[in-house]
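Novice: 3D, please:
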Amino acid sequence: MPAAVSSTTRPLVFGVIGAGGYGRIICDALLRGSRAADPVVRLVVAAEPEQERNAEQLAGLRAAGVTVVRSADEVL
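Specialist: Prediction:
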């Protein structure tokens with residue numbers, strides 16, 4: 001049986017490559033999880049090469065404290 005997650009557990013840190021399309025859904029889910037009282041996940045970086053096309057989504061990520069970059073190489 002897995003151990004319960006406690007307040008002493010640090011959140012699992014994520015980076016997402018592709019913040020538009022399905023990536024938007026993943027980013028939104030990770031952000032919701034990071035807003036919990038005792039978060040177990042944290043989105044820290046998102047790579048999106050088509051930043052102009054996804055400007056609204058990326059502005060929301062930036063406002064939430066997520067670093068936005070253009071390439072997967074910058075995430076890794």
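
Novice: Helices of this structure, start to end?
Specialist: For the chain, the helices defined by DSSP state H cover 22-34, 55-63, 72-75.

Novice: which outside residues touch the first one?
Specialist: Applying CB atoms under 8 Å, 6 or more residues apart in numbering, the set of residues contacting helix 22-34 from outside is 11, 14, 16-17, 19, 39-43, 46, 48, 54, 57, 61, 64, 66. For the C-beta atoms, the positions are set from N, CA and C on the backbone; glycine is no exception.

Novice: Of the residues you listed, just the buried ones, PyMOL syntax please.
Specialist: Provided next is the PyMOL selection string for whichever of those are buried by 16 or more other CB atoms under 10 Å:
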select buried, resi 11+14+16+17+19+39+42+43+46+48+54+57+61+66
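
Novice: what residue ranges in this structure score low on pLDDT?
Specialist: Counting by pLDDT under 70, the chain has low-confidence residues at 1-8.

Novice: okay, stretch 14-26 in CSV with CA atoms only?
Specialist: The C-alpha coordinates for stretch 14-26 follow below in CSV (Å, rounded to 0.1, in the frame of the first residue of the first chain):
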residue,chain,number,x,y,z
PHE,A,14,7.0,19.3,-13.9
GLY,A,15,8.0,20.8,-17.2
VAL,A,16,5.6,20.6,-20.2
ILE,A,17,6.7,20.6,-23.8
GLY,A,18,3.9,22.0,-25.9
ALA,A,19,1.6,24.3,-24.1
GLY,A,20,-1.1,24.6,-26.8
GLY,A,21,-3.6,21.9,-27.8
TYR,A,22,-3.5,19.0,-25.4
GLY,A,23,-0.6,20.6,-23.6
ARG,A,24,-3.1,23.3,-22.5
ILE,A,25,-5.2,20.6,-20.7
ILE,A,26,-2.1,19.2,-19.0
